[in-house]
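Peer 1: Just to be clear, the model below is a prediction. Sequence and coordinates:
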Amino acid sequence: MDYKQLVADTLAPALADSLSVTDIYQKIERPKDSAKGDYAFPAFTLAKIFKKAPQQIAADIVDQIDTTQFDKVEVAGPYVNFFLDKANFSADILTQVLTEGADYGQNENGNNGNVPIDMSSPNIAKPISMGHLRSTVIGNSIAEILKKNGYNPIKDNHLGDWGTQFGKLITAYLKWGNEEDVKKDPISNLVKYYVKFHKEDVEHPELDDEAREWFKKLEDGDEEAHHLWAWFREESLKAFNAIYDKLGVKFDTYNGEAFYNDKMQAVVDELKAKDLLHESQGAQVVDLSKYDLNPALILKSDGASLYITRDIATAVYRDKTYHPAMNLYVVGSEQMYYFKQLKAVLTEMGLASAKDLHHIPFGLITVDGKKLSTRSGRIILLDEVLDDSIEMAKKQIAEKNPDLPNKDEVAKQVGVGAIIFGDLKNERMNSIDFNLADQLKFEGETGPYVQYAHARAESILRKASDVTIPETGAKLSDPEAWETVKALADFPDTVVTALKEFEPSDIAKYSIRLAKAFNKYYAHSKILADDAEKPARLALVKSVSTVLKEALRLLGVEAPNEM
């Protein structure tokens, strides 16, 4: 049963002349303090309509409604507070979770619509650093949340495998590199060449001219340029995939910028045909003044393409291939203006999916307050951080539970999960100053804390008899059980809200809240005591285990059964 809807329907007869049931439903709140009820209706929103004091309106409402389906209904100042029938509500929620299992919270709102997600997108010949973590894990979580809401996500690792940086890299390799070194340690050496280029070009600006020439050769199909590019790409992907495997992230396509190289001319032709392309100082631009935006530069004066040229071709390809319900770009907040320009150009072109293009920005990740940069040589490798986290988790497990089976696998689940959760518990627009030790703590708002709550629930269930669906009206007398049941009931709404805001932190914060409620319940209740409430208590524990595991899965975090 939708109990919020029950509250709205109960209020409807008293407010029929003023508000629709839908309006009433939207105004209903959940009090933070359970002593003030489980649902509350704010009567002060009606003061102008009824021309009465809100407290009087609330009292009048209670006099007119049927309260028999609730434990009690009270007036508290300007609020009408509803207290649910705990026994029936608990039985309903636990029955639903146990019946639906991992499908609890699933909805079909998306009607299986395709949603390409542009995410991760590292540059070829550069390492995956901590700077790539956010796009990767935020995009992966949003994909899982999309599935939970009935969409078909298409995770697209739009590799940075084209652009002027390859002219710089080829120039650097030919001047200072050798094949043997690259074969031994491709990423490290290619980065070394790239960093050296940017140090040398300060005093030797002619290097930039050479780099532009090599990129133009690459675009024109020069054999040597293409051979080096393909080699750099192949070696990079091997290194990338090893890290993605560790993170548990998979992609549906790796169509990088190079894939769209032969599709850009059609875009340029279409822009010309629609009289959208204009010359400006020798370059080709699209005027976006009607959107209060600067012109979008499509082709440089030498005819070379830019990021936006390829991104337009990408959007057109996705539009024709997937007919997307939405088109998502999980890219840092520093690119917000750029995506406004991209969306404006696509809108001018009349692209069907342009209106549903969403840039999903996020804040920076810093270490000791400093921004990470490949160009300056300030890189913290994600692979090394993951390994360090796994090793720290191993040490903690050895201290807390040395006889744990599969301790290496659990250490990986905890170590990797701590980093992913540590990122996603933050609202994505907030910047994060990374601290590994803090994220690995088993106390506080961390991934290991939530994982341990799940493992604790599983430990109880291993000691118990079979879990059965509680009978209607099954009673759970301890007050901590009620807070846990209410938290379980909030999961389906949290799934919807997380997608509406493209905000995985909603799921992470929910999992922390449920874990805290359960741990408090565990501390105050003799769950395995043989009495009349034992079946209901075990049903609650099983429900918590099920929902915590599912919430963690939506974040891309595994839930060990033992820790």
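Peer 2: Here it is on my side, so go on.
Peer 1: Give me the buried positions along the strand or helix carrying Ala87.
Peer 2: For Ala87, the host element (DSSP states H and E) is helix 86-100. Within helix 86-100, the residues that count as buried by 16 or more other Cβ atoms under 10 Å are 86-98. Every residue, glycine included, has its C-beta placed from N, CA and C.
Peer 1: Now do the same contact list for Val496.
Peer 2: Residues near Val496 by Cβ atoms under 8 Å, 6 or more residues apart in numbering: 107, 109, 149.
Peer 1: Ok, Lys250 next?
Peer 2: 155, 244.
Peer 1: What about it? Give its phi and psi, please.
Peer 2: phi -120, psi 150 (degrees, to the nearest 10).
Peer 1: One more: Pro78?
Peer 2: Phi and psi for Pro78, reported as degrees, to the nearest 10, are phi -80, psi 10.
Peer 1: Nearest residue to it in space, please, no chain neighbours.
Peer 2: Among residues not flanking Pro78 along the chain, Pro54 sits closest, at 3.4 Å (Cβ to Cβ, 6 or more residues apart in numbering).
Peer 1: Where does pLDDT dip in the stretch 301-450 of the chain?
Peer 2: Counting by pLDDT under 70, the stretch 301-450 of the chain has low-confidence residues at 372-378.
Peer 1: The stretch 101-250 of the chain now?
Peer 2: Judged by pLDDT under 70, no stretch of the stretch 101-250 of the chain qualifies at all.
Peer 1: where exactly do the helices run in it?
Peer 2: Along the stretch 101-250 of the chain, counting by DSSP state H, counting those that start in this stretch, helices occupy 133-148, 164-176, 179-184, 186-200, 206-219, 223-247.
Peer 1: ok, Asn519 touching Ala453?
Peer 2: Yes. If you go by Cβ atoms under 8 Å, Asn519 and Ala453 touch, sitting 5.8 Å apart.
Peer 1: Between those two, which is the more surrounded one?
Peer 2: Comparing Asn519 with Ala453 by other Cβ atoms under 10 Å, the one with more neighbours is Ala453, at 24 against 18.
Peer 1: Put the alpha carbons of the helix or strand containing that one into PDB.
Peer 2: Using DSSP H and E, Ala453 maps to helix 447-463. Below are the C-alpha coordinates for helix 447-463, written out as PDB (Å, rounded to 0.1, in the frame of the first residue of the first chain):
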ATOM      1  CA  GLY A 447      31.300   2.200   2.600                       C
ATOM      2  CA  PRO A 448      32.800  -0.300   5.000                       C
ATOM      3  CA  TYR A 449      30.300   0.800   7.600                       C
ATOM      4  CA  VAL A 450      27.400   0.100   5.300                       C
ATOM      5  CA  GLN A 451      29.000  -3.200   4.100                       C
ATOM      6  CA  TYR A 452      29.500  -4.300   7.700                       C
ATOM      7  CA  ALA A 453      25.800  -3.600   8.500                       C
ATOM      8  CA  HIS A 454      24.900  -5.900   5.700                       C
ATOM      9  CA  ALA A 455      27.400  -8.600   6.800                       C
ATOM     10  CA  ARG A 456      26.000  -8.300  10.400                       C
ATOM     11  CA  ALA A 457      22.500  -9.000   9.100                       C
ATOM     12  CA  GLU A 458      23.700 -12.000   7.100                       C
ATOM     13  CA  SER A 459      25.500 -13.300  10.200                       C
ATOM     14  CA  ILE A 460      22.200 -13.200  12.100                       C
ATOM     15  CA  LEU A 461      20.400 -15.000   9.300                       C
ATOM     16  CA  ARG A 462      23.000 -17.800   9.200                       C
ATOM     17  CA  LYS A 463      22.300 -18.500  12.900                       C
END
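Peer 1: immediately after that helix, which helix or strand?
Peer 2: Once helix 447-463 ends, the next helix or strand along the chain (criterion: DSSP H and E) is helix 479-489.
Peer 1: returning to what we had before: give me the average confidence score over the helix holding Ala87.
Peer 2: Computed over helix 86-100, the mean pLDDT rounds to 93.
Peer 1: pLDDT value on Ala474, please?
Peer 2: As predicted, Ala474 sits at a pLDDT of 64.
Peer 1: middle-most residue in this structure, spatially?
Peer 2: Ile138 (3.3 Å; Cα atoms, centre = their mean).
Peer 1: the helices in the stretch 351-500 of the chain, which residues?
Peer 2: Using DSSP H, counting those that start in this stretch, helices in the stretch 351-500 of the chain cover 382-400, 407-424, 436-439, 447-463, 479-489, 491-500.
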